[in-house]
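Enquirer: Provided below are the primary sequence and the corresponding predicted coordinates.
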Amino acid sequence: MKRMLVFGLLLTLFVALTACKQNNNSVPLILYNEQDPYILGFKEYIMEHAENRISIVSYDSQNSQVLQNELIDDILLDNPQLIIVNPVDRLGAYTIIDQAKEKDIPIIFINREPLPEDMNRYDKVYYIGAPAETGALIQVDMVVELFGNPFGMSNLDRNNDNTIQLLVLKGEQGHQDAEIRTEVVLEELEALGYDLDILSIEICDWQKQIAHDKMMEFLTQDPDASQLELVISNNDYMAIGAIDAMIELGVFHDVNDDGVMDPTIDDWIPVLGIDAIEEAIAYVRDGYLYGTVLNDSETMSIYLVDLVEALLNGVDLATLDFVLEDGKYIWVDYKKYEETE
Amino acid sequence: MARRTRRAPSIRTSILYPSIIIVVVSLVVVTVMSYVNYIDTTEQIVQDSSKEINKQIILNFENYIQSVIDTADYIQEKTIEYGLRNQTNQLDDVYLQASEVQTDIESIVLLNMSGDPIIQSNSSALAATDLTQKNWFQDASQDRAIYHFSSPHQQDIFAASSVSVITVTKLVDYYIAGVKHNGVLVVDINISNIITLTETTNLGDGGHIVILNDDDSLIYTNNDYCDDGSCESIELAKDLFGGESVEINDTMMYANVNTLYATRWRMATFINIEILRQSANRNMVLLALFTVSTIIVTIGVSSVVSRRISSPISKLSNHMQKIEQGDFYQEIEIDGQMEVIMLAHSFNSMIVEMRDLLDRIVEEQRAKRRTEFVALQNQINPHFLYNTLDSIVYLSENKLNDKVIQMVIALSRFFRISISRGQNIIRLSEELEHARNYLLIQQIRYNERFDFQFDIAPGVEDFNVVKLSLQPLIENAIYHGINTEYGSGQITIRAYQKHKKLILEVEDNGYGLEEDKIQELYRRIKEETTGKSVGMRNVYQRLCLYYGQEVGFDIISELDESTIIRLTIPLEGEK
């Protein structure tokens, strides 16, 4: 009896000590920073579309690659069926790919694209995102729409010199999107035959306030400021900052005071943004912001959930509604924001 | 039954073994658990703190790298700004200032795509070789979006320089007269800062840092063993990601590998955690000592306790054994537990009860024996009296007055002794006198056809004997032993002392007895039932009743020679 008791006690202890973590089938989604409103919106789309189809658990890397590495290290210990990663540092993504490869776990990158050489390290690595240049190309379309024929421009070429005097509001220096958007929009306009007079490229770190301040400085101090005919911004926040500065300085002037910018009546300069954030949509509606570009994260999240489901169920990826370029890349192009949306 | 008795454990073992087993098992379990728990916890703490240290180092490096990138970004911004304003000629000063502000920046140079300098932070002459062939130049032109960090090398952008630098390059735009151009921005940073950063970090004795490039090539290490670019830590760092305990040169290290932000580098930190192993060992020794000493103490204490419980009980059981052997005169005195003392008390009173009971039984037995004894003595008298009286009548009728007188005198003496004031034990002299009178009477009755003699050892006559021990034997000898027809019968009565016993013998020279007859007699005299040989059995049983088992009754016979009946009884009575 005593021996039974002792044995029972030991057995209980053993069971209690070795009780292992339960394995779950949810898919980890590791975001670079949930403080980023765009990422938060993206996450909400993903969760919305994944509902009742796949279980997704999101992790916040708090904009720290070290933290993200730690998170991934822990997550991979549980041998998930696949992981979705929004890398903090796209240059460091190769270590994540190597780890996933070692465990033969498919990995889908979103939002920030790893280097092509890293994408080729492993056959089960995928990327869903927008080709950075398409956002710029839509801006180019809008410039064409505004200025018309490069050799006989519309009346927006105010000084009639057949050259566009423009200012670029650039995001963070060295940031991939900022670099590509700036580069592509300028190169593409030149390629179309437009003569460009870049009055300045202001680096505003994506921020409204910096753009506002730099615009004030430019307008008040640059000798050529009065020549300004076009503002191209890498994102909506900076565009709005610039518009606010121009309203303050009277460059934008609501002559009939109807609260709406009417190109035919009021004083204004076309400003182009990207991202179609809520604030920008209001500016577009009121005519202050000429146009913006939609980063179609909803479509991306639909494709992402489809891809995850297909990978989990072993479905042939060729049967999916979208194309996997090189078997790895799913490109969801930027769209011009239309007011009807 | 026997097996069970052999297996039945003593109280001591029943207490000792289970308590030792319980203590040992639970102690071992607790010890192992707490050791495992301790190891886990310390390992967790060490891991966490190692990770923290690693993070801190990474952060330091990232801050440093960020500061270099910030400078390079600033340079780019200014390059475009000044270019768009057609102030390119002022940029040399901007470059110079930037390199001076950040002292570890050796040089900042903007090259066009042909490798010719556009802007320079200093006026040193560039190297004569084709700079576009340099790795750092080619890396930059591959991916324009990122900064490229080279391995440490001797500065090679200038003709004369011996500084060890890391070259940071990036493909950039610049404007000259409003026209955009591509170029490569080359920032050389002195490696000394990285060395300083690694040296100021405390990684413990033998702790070190390894920085690897994305192709696993070594960027930098402060481990002296790794000078030739291959060593244990580099190999470990190549395959590792995240944290893990490793052993390098017999030293416990916690290795942590992380990427360095904005570069393609991975940094591995190796932190000495030997102290963990040492403290674990120390802890294990302490725990083992504790466990062993507790077990020893337990064994000691429980054996003392179990002995204290069991020894009164075994004392009790020893007493029981004595009583089993018939010793009722031992009182038990036991110190110990209350229950045992109570048990001993009850036991003592039980013994007293038993003793009383036994004494009473003995007394009753003795009384019963006495009654039987008297009854047996009384069996003797009538036959003889009638026969003798018949003889006297016969003698009187034949006018043999002398004989009548002799016989009446003998008969009167015979009966005096027979009655002997009611005593059952008389002196041997009286018993012999009684036998003589009996023989005299019988001699007259049988017309002196037998003779008798007494052979008495001196000094034995004063011993006591059971009355009427000899007479039945003599009677037996006269009736059965001798041939009264021919007058040649001889009866001898002997009394002597031998081996502290009194021996009485009645011998006749009659027919003698065959061996099977003797056995028959032995059997008869020991039977309870009455029947033949009543005299001999009577004697034997009376002697047994009186003396117990110390009585000897032997029949020694030689055919046609003699028969001796020998009584052996204890010496009794004063001399």
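Expert: In hand now; what should we look at?
Enquirer: Measure how buried the residue in chain A positioned nearest to chain B is and give me the count.
Expert: Closest contact between chain A and chain B, by Cβ to the nearest Cβ, is at residue A:92 (3.1 Å). C-betas here are computed from N, CA, C, even on glycine. Under the neighbour criterion other Cβ atoms under 10 Å in any protein chain shown, residue A:92 is assigned a count of 25.
Enquirer: can you check residue B:140 too?
Expert: 25.
Enquirer: Next, work out how far apart residue A:296 and residue B:89 are.
Expert: 46 Å (Cβ to Cβ, to the nearest Å).
Enquirer: more neighbours, those two?
Expert: residue A:296 (17 against 9).
Enquirer: Mind jotting down where the strands sit in the stretch 251-400 of chain B?
Expert: Assigned by DSSP state E, counting those that start in this stretch, the stretch 251-400 of chain B shows strands spanning B:251-259, B:266-272.
Enquirer: Can you say which of those is nearest to chain A?
Expert: Closest to chain A of these, according to Cβ to the nearest Cβ: strand B:251-259, at 3.1 Å.
Enquirer: and that closest one, is it in reach of chain A?
Expert: Yes: Strand B:251-259 reaches chain A (Cβ under 8 Å from any Cβ of the partner chain) through B:257-259.
Enquirer: What parts of chain A come near chain B?
Expert: Checking chain A against chain B by Cβ under 8 Å from any Cβ, the hits are A:2, A:6, A:10, A:13, A:17, A:65-66, A:69-70, A:73, A:88-89, A:91-92, A:94-95, A:98-99, A:115, A:118, A:173-174, A:176, A:179-180, A:183, A:186, A:197-201, A:203.
Enquirer: could you redo the last one with a cut-off of 7 Å?
Expert: A:2, A:6, A:10, A:13, A:65-66, A:69, A:73, A:89, A:91-92, A:94-95, A:98-99, A:115, A:173-174, A:176, A:179-180, A:197-201, A:203 (Cβ under 7 Å from any Cβ of the partner chain).
Enquirer: From those, list just the buried residues.
Expert: A:6, A:65-66, A:69, A:73, A:89, A:91-92, A:94-95, A:98-99, A:115, A:173-174, A:176, A:179-180, A:197-201, A:203 (16 or more other Cβ atoms under 10 Å in any protein chain shown).
Enquirer: helix, strand or coil for residue A:197?
Expert: Here residue A:197 is strand, with the state taken from DSSP: H, G, I helix; E, B strand; the rest coil.
Enquirer: Chain neighbours aside, what residue packs nearest to residue 298?
Expert: As the question left the chain open, I've gone with chain A. Sequence neighbours aside, residue A:45 is the residue nearest to residue A:298 in space, at 5.0 Å (criterion: Cβ to Cβ, 6 or more residues apart in numbering or on different chains).
Enquirer: not what I meant, chain B
Expert: Using Cβ to Cβ, 6+ apart, the closest residue to residue B:298 is residue B:23 (4.3 Å).
Enquirer: Name the SS class of that neighbour, please.
Expert: Secondary structure of residue B:23, per three-state DSSP, is helix.
Enquirer: That one is in contact with residue B:300, isn't it?
Expert: No: with contact defined as Cβ atoms under 7 Å, residue B:23 does not reach residue B:300; the gap is 11.5 Å.
Enquirer: quick one, which of those two is more surrounded?
Expert: Per other Cβ under 10 Å, whichever of residue B:23 and residue B:300 has more neighbours is residue B:23, with 17 against 10.
Enquirer: Tell me how far that one lies from residue B:367.
Expert: 64 Å.
Enquirer: circling back: ok, so of the residues of strand B:251-259 next to chain A, who is nearest residue B:555?
Expert: Closest approach to residue B:555 among those (Cβ to Cβ): residue B:257, at 117.0 Å.
Enquirer: hang on, isn't that closest one packed against residue B:238?
Expert: No: at 9.1 Å, residue B:257 and residue B:238 do not qualify as touching, with contact defined as Cβ under 7 Å.
Enquirer: of these two, who's got more company?
Expert: Neighbour totals were compared for residue B:257 and residue B:238, and residue B:257 leads with 24 against 16 (other Cβ under 10 Å).
Enquirer: what stretches of the chain score poorly on pLDDT?
Expert: No chain was given, so I picked chain A. A:1-6, A:13-24, A:340-341 (pLDDT under 70).
Enquirer: was after chain B, sorry
Expert: For chain B (pLDDT under 70), the answer is B:1-7, B:227-229, B:370-382, B:420-422, B:483-487, B:528-534, B:574-575.
Enquirer: Please report how far the residue in it sticking out farthest from the centre lies from chain A.
Expert: If you look at how far each residue of chain B sits from its centre, by Cα atoms, centre = their mean, the farthest one is residue B:399, at 102.6 Å. Distance, residue B:399 to chain A, by Cβ to the nearest Cβ, to the nearest Å: 106 Å.
Enquirer: repeat for residue B:413
Expert: Look at residue B:413 and chain A: by Cβ to the nearest Cβ, they are 87 Å apart.
Enquirer: Can you tell me the SS state at that residue?
Expert: helix.
Enquirer: Next, the contact list for it, please.
Expert: The neighbourhood of residue B:413, defined by Cβ atoms under 7 Å, 6 or more residues apart in numbering or on different chains, consists of B:433, B:437.
Enquirer: switch the cut-off to 8 Å
Expert: B:433-434, B:437 (Cβ atoms under 8 Å, 6 or more residues apart in numbering or on different chains).
Enquirer: Does stretch B:216-236 reach chain A?
Expert: No: legend: contact between stretch B:216-236 and chain A by Cβ under 8 Å from any Cβ is lacking; minimum distance shown is 10.4 Å.
Enquirer: got the contact list for that stretch?
Expert: So stretch B:216-236 is contacted by B:149, B:151-152, B:191, B:194-195, B:198-199, B:208-213, B:238, B:246, B:248-249, B:255, B:265, B:268, B:270 (Cβ under 8 Å, 6+ apart).
Enquirer: Now the common contact residues for residue B:23 and residue B:300.
Expert: Common neighbours of residue B:23 and residue B:300 (Cβ under 8 Å, 6+ apart) do not exist.
Enquirer: Run a quick check on residue B:475 versus residue B:535, I expect a contact.
Expert: Yes: with contact defined as Cβ atoms under 8 Å, residue B:475 counts as touching residue B:535 (5.5 Å).
Enquirer: What parts of the stretch 251-400 of chain B come near chain A?
Expert: The stretch 251-400 of chain B comes close to chain A at residues B:257-264, B:266, as judged by Cβ under 8 Å from any Cβ.
Enquirer: which of those are the two that sit furthest away from each other?
Expert: Largest pairwise distance in those, by Cβ to Cβ, is 17.2 Å, between B:257 and B:262.
Enquirer: all helices of the stretch 451-575 of chain B, in order?
Expert: All helices of the stretch 451-575 of chain B, identified by DSSP state H, counting those that start in this stretch, fall at B:471-476, B:515-526, B:534-547.
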